[in-house]
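S.K.: sharing a model that was predicted from the sequence below.
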Amino acid sequence: MRKWIAFITALLGLGAIPAYGAETYKIGAILAMTGPGAYYGRVMSRGPLLAIEEINAKGGIDGMKLELVIEDHKSGQPKEGVSAINKLVNIDKVPFILTSYSAPTLAAYPIAAEHKVLMLNGGGWSPDLVGKPYLFNNRMVGNYLGQVIAEHVFRKGARKLAMIYRNDPSGITVRDHVRPFWEKLGGTIVATEVHELGATDYAAQLAKIKAARPDVVATWSYGKDLGFIVKQARDVGITVPLVGIDWTPDGQAVAGTAMEGYEYASDYLDPDSKEPWTARFIQDYKKKYAEAPDFYAANYYEGIYILGELIKEVKQKGGNPQSGDQLRQALLAKRKFASVYGGTITFNDDGTSAKPVAVFEVKGGKPTVRTLVK
Amino acid sequence: MDYFIHVAILIALYTILSTSYNLLIGYTGLFSIAHAAFYGIGAYTSALLTLHFGASFPLALLGAIVVTALVGGAIGVPALRVRGDYLVIASFGFQMIVFGVMLNWLALTRGEGGLAGIPRPVLFGIKIFSPAAYLPLAVAVAGICFLVTWWVARSPFGRVLRAIREDEVAAQSLGKDIVYFKITVFALAGGLAAVAGSFYAHYITFINPLSFTLDESIFIMAVVLVGGAGNLWGSLVGTVALVVAPEALRFLRIPDAIAAPFRQILYGLLLVLFVRFRPQGLIGEHSATRGARRVPASGDKVEAGSSALGTRLPHTAGNGKPLLTLRNVTKSFGGIRALDNLSLTLEEGRITGLIGPNGAGKTTAFNLITGFLEPDAGSIVYRGRELRGAKPHEISRLGIARSFQDLRLFPRMTVLDNVVVALPGQRTEQLSLVFFAAPRVVSAERENLRRAYELLAFVGLAEKAGELAEDLSYPEQKLLALARLLATQANLLLLDEPASGLDPTSVEAIMALIRRLPDYGKTICVIEHNLDVIKGLADPVVFLNEGRAIASGAPAQIMASPQLADIYFGV
Amino acid sequence: MLELFAQLTVNGLVSGSLFALLAISFGVILGTTRTFHFAHGIVYTAAAYGAYAFAEGLSLPLWLAVGLAVVVAVLLGVGIEVFVYQPLRRLYASPLTVLIASLGVLIIVENAIAIFFSTDAKIVTGFPSRLIVLGEVAFTTLHLAMVLVSWSLFFILLLYLYRTKTGKAMRGVATSPEMAEIVGIDTRRVFVGAFAIGSALAAPAAILYTLDKGATPDMGVTAVLMAAIAVIVGGVGSLPGAALGGMIIGLARNWGIWLLPSEWQSAIAFGILLLVILFRPTGLFGVKLRKAEV
């Protein structure tokens, strides 16, 4: 019944639903809940929900329970991002938002800055996400990961590199960083191909790549796209190693056995970690969701805990934890936080962060760590 | 508060999109599914002009309108060549290509990453920053666009659009150059959509291709269909309904994963249900004006020398000058020879009857004369001018008009409009005049309505002026077809079975009207199967068989011949 | 460069065959019933997801899952005809109206599938796909199956239409429904038959594609678009034309990117469409699309 009253009230435009009150702290999230990237929305929401559950079970933060309000940007639509943040900021009045995907984040950002709402991105990797005062990233930026994997294959003897990447700034930025890097190392780029997000047919690009006879094929793509690329690369007769900077169970399911031997550099969430927090996180996540967490889930899980720290810091200084501005000041003051990856994560002025990174290899359908970096 | 202002701005934007789309699909019947493409082109053009050339917002807006209008007009060209269903596919293709360009021409559009940091509008030195400041601008812009669209729809230009929607062939036969109209309406719709696009770009300050997808086009279509195609106020209502509802859905706590597909299902359901149970939408095209019509003061009797029909001439038994001559005209379809060296002359001021068995080529001859078909050989000369190669609307303007066996009225237009649209020389059908000579439009309209009324009075349909053509009885529809024909002011009237399917009283009524027409200087050619009608009206009569004129002369003569009777009755 | 051209040609022949199958499945319906069955796209998608649900969800053997998926497609296609198009036809709805209803059905079912199955690509396993390498060219046994199945079905369809009584009745209705009625053919039954056949032909195309490249809820929109373009290119009313149109699109998409950057591949089909509309609207073998029907 409440639902219908709220519905009609909204239709009449009479006003916002009042927030529950001081006992609950609302946190916003703008994720890809629908569309081709629905996988990401799923795991990116599970992390925070698990974190909130854990925190609330312990009585919340100083007695205040946390609540997550999730909005959908439909796998990256800026218009939806704006609608989402408008609602979160005006109706739910959240001071902190977990965000994902470059495009909707960039569209929503001016509004966040205007209302002094703090945003944390654990998914997007565009260079435009850097250098924005109210936006912080606990995701490694793509260019760095690309260099890591490039160096890795160069050391293994590859000299002729073929690249296939997403036709957007996030893919292009990796290409633009890896190309000079690779050539400086002494290698050559024999083919560069692009693809659209969500495409499932790569026969054309892979035919061209095959004809260029590379030593190794690198793909700066992610999710399902990656899975299809890998599978179809093998289907068209490409036998050389395949590498990249992402891996998800989604992509694995698509590629199947073709993924064996694929190597990638990524935020390093060690599934067999002996670190107490990491192991517990993985175990609890598996229990709750019946599958192992990937690093996206970890990033957003961690995001909640970072927020928890910020709230505590602000309250300790007698401030208002509902102020995004004060949360931001606390972040800049504290900078270092315990990371669910093990060790700590440190935030830089420009919004980027330093985290453990590793090169993984897919064996038996699962990633295993080859080498740790940094 | 900002949130509700945001919703209001969205309503303003979508009003522009839906009303401009309504012009296309509701008024002209052009089923394009590419409106989001126009929206996007406008947005990108405006954004790029401000980002790369430092143009001011008004200039960027203008640039966006011009570019998109040009693109829209260009799309009109393929639209001319294909019928309804195929236009959908063509527009689909256009939408996909535009989307592809937005996504892949990185140098220009930065692809998926989009264009960020689009400068906010600066008007009269004030930078528009907060949603509250945008709102009056949005409402003003939307209001202007609505006014423009409304004015176009009400104008003679708009009237022709609807005629084209109802029956393109008939519109052509009345002298309307449908090429001009279709291209112009596409350009107009594109230009208006660009206004919305430009505004959107400078409001969100960030655009990428994902805002201009097929889903967006479908949403706009749903708005127009739900609101009511052919009624602009309907589009406003539809916009409010479909913009507010999804925003309200956010509060329904539908599981997030299914909220968006759920919304799409709602749109799809709306489309199917409305099209099935309420095709006219929430506010139908004629809901406001059904039955009611402004009645000019002039009476219902046709005066001698009435201007609508032309001057009444002193009675002459025709002066015998040849008005239209066909010489050795041949036309084949596949292997069938429809017309075989047909030669025939229509004399000025006379009513010539054209009879013959089915398939003799009578209607084909009409089609050739009026330019709907091209002869394979031979010549057709009217007042010394060769008609071969001329388009139907050009021929109509020369003074030749024809009626159709299946009437081809404009069913969902009023009786009055059916006649008004046929009046010739309506320079205010030119879009430029609609805008820049508005007072002339208004006064010309008054004159047109008066003349139309006279014509309706002539055929006896004056009281039915406000009814929809489809609501008339069959005899009334035949009278309307005649009135519409007369409205063209053509001197040569080709009547294709004007009396068929009528009861004897109605036949008499029509014959009486046709008999009077030579008094006004009209030359008539009648195709009829009812020989009594021919006997009562025509002199001379031409007998056609297998594409050839095998006899011609006075009706009594022709009908007395036993050989012709054999052929006619197919013994 | 030549080896690239060879590989692209192979790719083109394979995808062209699938497009051909899609085109004739759409063309049968359009030609016989004159309905622009946009919702054919969702019949396609339903077949793919049906196969997925039966094979992966219920773990049925692949051949059984495929058979059941075809049944699902036929039921859906016929259902749309009976419950959506027939009532509209009875009301003398304009073709535009029918088209909008069809679009609406497409949107509804596509999103229902998205809700029920979620939007990430679904794959169906179980086809023993092996790589075949001939010199510089490589393809899989699945690709071979696509070619064989498509053309076999094409010939079976032609046999049906030209050799059987019901098939000839269908051709009669396609040529002239009024004449067919006069001659005593039950056009309603023939219409249902056309939808059944068209849907049954779309199913293998969908399933083969899914086995290769996975199924997504929006796969049907692209499929029906390509089918429509192929039919227009080949000429409405001609099934060999439709099949040829499908091959042309498949080959053009691949040869096109030999010269163009790969990202323009999807634009190629639409480019062909625009060219055809501008310069030869009747298509290659079509009945003359009369501009003005007098």
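M.R.: Done, it's in. Numbering: from 1, shown residues only, chains lettered A, B, ... in the order given.
S.K.: after the one helix or strand residue B:188 maps to comes which helix or strand?
M.R.: Per DSSP states H and E: residue B:188 is located in helix B:178-204. Per DSSP H and E, the first helix or strand lying C-terminal to helix B:178-204 is strand B:206-207.
S.K.: hmm, the helix holding residue B:188 in reach of chain C?
M.R.: No. If you take CB under 8 Å from any CB of the partner chain as the test, helix B:178-204 misses chain C, and the best it gets is 9.9 Å. To be clear about C-beta, it is placed using only N, CA and C from the backbone, and glycine gets the same treatment.
S.K.: which strands and helices lie in contact with that helix?
M.R.: Judged by 3 or more CB pairs under 8 Å, 6 or more residues apart in numbering or on different chains; DSSP states H and E, the packing partners of helix B:178-204 are helix A:78-87, helix B:2-22, helix B:35-53, helix B:57-81, helix B:131-154, helix B:156-166, helix B:168-173.
S.K.: ok, longest helix in chain A?
M.R.: helix A:295-316 (DSSP state H).
S.K.: check which helix or strand residue A:180 maps to.
M.R.: helix A:169-185.
S.K.: list the buried residues for that helix?
M.R.: Neighbour-count burial for helix A:169-185, counted by 16 or more other CB atoms under 10 Å in any protein chain shown, picks out A:169-175, A:177-179, A:181-182.
S.K.: which of the residues you listed sits closest to chain B?
M.R.: residue A:169 (3.5 Å; CB to the nearest CB).
S.K.: just how off-centre is the helix or strand where residue C:173 lies within its chain?
M.R.: For residue C:173, the host element (DSSP H and E) is helix C:165-175. Between the centre of helix C:165-175 and the centre of its chain there are 20 Å (CA atoms, centre = their mean, to the nearest Å).
S.K.: who's in contact with that helix?
M.R.: Identification of contacts with helix C:165-175 by CB atoms under 8 Å, 6 or more residues apart in numbering or on different chains yields C:28, C:31-33, C:159-162, C:179-180, C:183, C:185, C:187, C:190-191, C:193-194, C:237.
S.K.: farthest-separated two in the buried residues of helix A:169-185?
M.R.: A:169 and A:182 (19.7 Å; CB to CB).
S.K.: which residues of the stretch 101-250 of chain C lie near chain A?
M.R.: C:114, C:118-121, C:123, C:125, C:129, C:131, C:133, C:136-140, C:212-214, C:216.
S.K.: return the subset of these lying in helices.
M.R.: Cross-referencing those against helices under DSSP H gives C:114, C:212-213.
S.K.: avg pLDDT for the helix holding residue B:188?
M.R.: The average pLDDT for helix B:178-204 rounds to 93.
S.K.: give me the angle between that helix and helix B:156-166.
M.R.: 110 degrees (axes from the mean of the first three to the mean of the last three CA atoms, to 10 degrees).
S.K.: how about helix B:178-204: buried residues?
M.R.: For helix B:178-204, using 16+ other CB under 10 Å, the buried residues are B:178, B:180-204.
S.K.: now swap in stretch B:231-244 and tell me
M.R.: Within stretch B:231-244, the residues that count as buried by 16+ other CB under 10 Å are B:231-244.
S.K.: quick one: that stretch near chain A?
M.R.: Yes. Using CB under 8 Å from any CB, stretch B:231-244 reaches chain A at residue B:244.
S.K.: I am finished for the moment; much appreciated.
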